[in-house]
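Peer 1: sequence? don't have it. structure:
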């Protein structure tokens, strides 16, 4: 019977191995005239967990390389209450499902989901967020239903309104330059518990309703 050697790499060791550098090695071996160029990907990654220290450790050891030369850890927020944990990933401003991707980046996120047991209920979890871009000054919010802009609104004008989601309406408000969701037709209502957003690049997403709200600024 075939036996796996004791020294075989586990999944975390695999992500830290030299396999990360295969793309760079390919570029180095390819003649410069036909060498593919690296594409800049804008990555926005949020983890909801009650073990933020473990999440940060995993990100620094296994995921940092995928952010390129510039990775920012944005300010964390605590959500009082009980919520299912999870991973929210935007790539080039598009919502991505980390369970469907086939790259090492997506595989490493799935490993983190398993190691931190993110699918269970978390108590007073923390939003741990990373990005590889610096948001500029803010001035407005954009509300997306799936990939379509449903509404735009300036942050300097107070307002209350509803936007129709997949499961029903979401009640929203802008007050003192901050945006928040006050009521939603979804089970867990994580979007309602999310702290108000104000800084460009910040977002609130209601996955069951397929609604994403993004703070925009000049050039963002």
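Peer 2: Perfect, I can see it now. Everything quoted here is computed from the prediction, not taken from an experiment.

Peer 1: what about stretch 154-163, distance to the chain center?
Peer 2: Counting by Cα atoms, centre = their mean, to the nearest Å, stretch 154-163 is centred 24 Å from the centre of its parent chain.

Peer 1: so for that stretch, what's the average pLDDT?
Peer 2: Mean pLDDT, stretch 154-163: 92.

Peer 1: any idea where the helices of the chain begin and end?
Peer 2: Taking DSSP state H, the helices of the chain run over residues 11-16, 22-29, 52-58, 104-115, 190-193.

Peer 1: which residues touch the shortest one?
Peer 2: Spelled out, it's helix 190-193. 48, 79-81, 83-84, 170, 181-184, 204-206, 209, 211 (Cβ atoms under 8 Å, 6 or more residues apart in numbering). C-beta: built from backbone N, CA, C; applies to glycine.

Peer 1: I'd like the average pLDDT over stretch 210-219.
Peer 2: Averaging pLDDT along stretch 210-219 gives 84.

Peer 1: in it, which residues are buried?
Peer 2: For stretch 210-219, burial by neighbour count (16 or more other Cβ atoms under 10 Å) applies to 211, 212, 213, 214, 215, 216.

Peer 1: in CSV, list the residues you listed along with distance to residue 197.
Peer 2: Shown next, in CSV, are those (distance: Cβ to Cβ, whole Å):
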residue, distance to residue 197
211, 13
212, 11
213, 7
214, 9
215, 5
216, 11
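
Peer 1: mind listing which of the residues you listed are in strands?
Peer 2: Helix and strand membership here follows DSSP state E; of the buried residues of stretch 210-219, those in strands are 211, 212, 213, 214, 215, 216.

Peer 1: distance of residue 42 relative to residue 68?
Peer 2: As defined by Cβ to Cβ, to the nearest Å, residue 42 lies at a distance of 10 Å from residue 68.

Peer 1: joint contacts of the two?
Peer 2: Taking Cβ under 8 Å, 6+ apart as the criterion, residue 42 and residue 68 both touch residue 132.

Peer 1: now stretch 159-173: buried residues?
Peer 2: For stretch 159-173, a neighbour-count test (16+ other Cβ under 10 Å) marks 163, 165, 170, 172 as buried.

Peer 1: wait, the second one touches residue 183, no?
Peer 2: It stands for residue 165. No: using Cβ atoms under 8 Å, residue 165 makes no contact with residue 183, being 11.2 Å away.

Peer 1: tally of neighbours for residue 149?
Peer 2: Burial measure for residue 149: 10 neighbouring residues, criterion other Cβ atoms under 10 Å.

Peer 1: how about it, nearest residue that isn't a chain neighbour?
Peer 2: Among residues not flanking residue 149 along the chain, residue 142 sits closest, at 5.7 Å (Cβ to Cβ, 6 or more residues apart in numbering).

Peer 1: where does the chain have low pLDDT?
Peer 2: Along the chain, segments meeting pLDDT under 70 span 1-40, 134-138, 218-220.

Peer 1: per the record, what domains does it have?
Peer 2: The record's domain parsing of the chain by automatic domain parsing lists 11-32+39-131, 138-217.

Peer 1: and among these, the most buried is which?
Peer 2: Mean neighbour count (mean count of other Cβ atoms under 10 Å) peaks for domain 138-217 among the domains of the chain, with a mean of 17.
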